[in-house]
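Engineer: please work out how this folds:
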Amino acid sequence: MTHNTENFPYTFDDSAACAVCGGRCCRGKGGYVWVIQEELEKMAAALGINSGLFAKCYVRRVQGRLSLQERVISGEHFCCFFDRAVGLCSVYEQRPEQCRTFPFWERFKNDPQELLRECLGVEIKR
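Structural biologist: Below is the predicted model of the structure:
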């Protein structure tokens, strides 16, 4: 799915920012990374395990939907696929659509200042 970014009041350059930010979008106070079955299967294949085992180890059901599990370390929530040692996603090429479209989420469209506090790769359009 291609995501139209033209209607957003900011741009995003992940070329350098993602390497130095420490994974702010993959950690924090907790939340949900929604996944669909197709995404689950792609991530499982990338890890070389079947989708049933993948779901058991990495997915939780919330309000009838599927979400990736979190790991809580010292009170901070991390996506189960965030590799703290290198500060990057360990399933990046197969990451869910929610992650692929970040930071171009509707919730940030009208409040880019909130996003600026979270993402170093964002710049307000002039």
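Engineer: now do the buried residues in the lengthiest helix in the chain.
Structural biologist: The longest helix of the chain (DSSP state H) is helix 37-47. Judged by neighbour count (16 or more other CB atoms under 10 Å), helix 37-47 contains these buried residues: 39-44, 47. Placement of C-beta: from N, CA and C, glycine included.
Engineer: for stretch 74-82, same thing?
Structural biologist: 78-82.
Engineer: tell me which two in those are the farthest apart.
Structural biologist: By the measure CB to CB, these have their two most distant members at 78 and 81, which lie 8.9 Å apart.
Engineer: could you pull out the helices for this structure?
Structural biologist: Chain-ordered helices for the chain, with DSSP H as the definition, fall at 14-20, 37-47, 51-58, 97-101, 106-109, 112-118.
Engineer: least confident of these, on average?
Structural biologist: In terms of average pLDDT, helix 14-20 trails the rest of those, at a mean of 76.
Engineer: keeping just the C-alphas, turn it into PDB.
Structural biologist: Backbone C-alpha positions of helix 14-20 (Å, rounded to 0.1, in the frame of the first residue of the first chain) are rendered in PDB as follows:
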ATOM      1  CA  ASP A  14      15.100   8.600   7.700                       C
ATOM      2  CA  SER A  15      18.600   8.300   6.100                       C
ATOM      3  CA  ALA A  16      20.500   9.600   9.100                       C
ATOM      4  CA  ALA A  17      17.900  10.300  11.800                       C
ATOM      5  CA  CYS A  18      16.800   6.600  12.300                       C
ATOM      6  CA  ALA A  19      20.400   5.600  12.900                       C
ATOM      7  CA  VAL A  20      20.900   8.000  15.800                       C
END
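Engineer: list the buried residues of it.
Structural biologist: Burial within helix 14-20, assessed by neighbour count using 16+ other CB under 10 Å, is assigned to residue 18.
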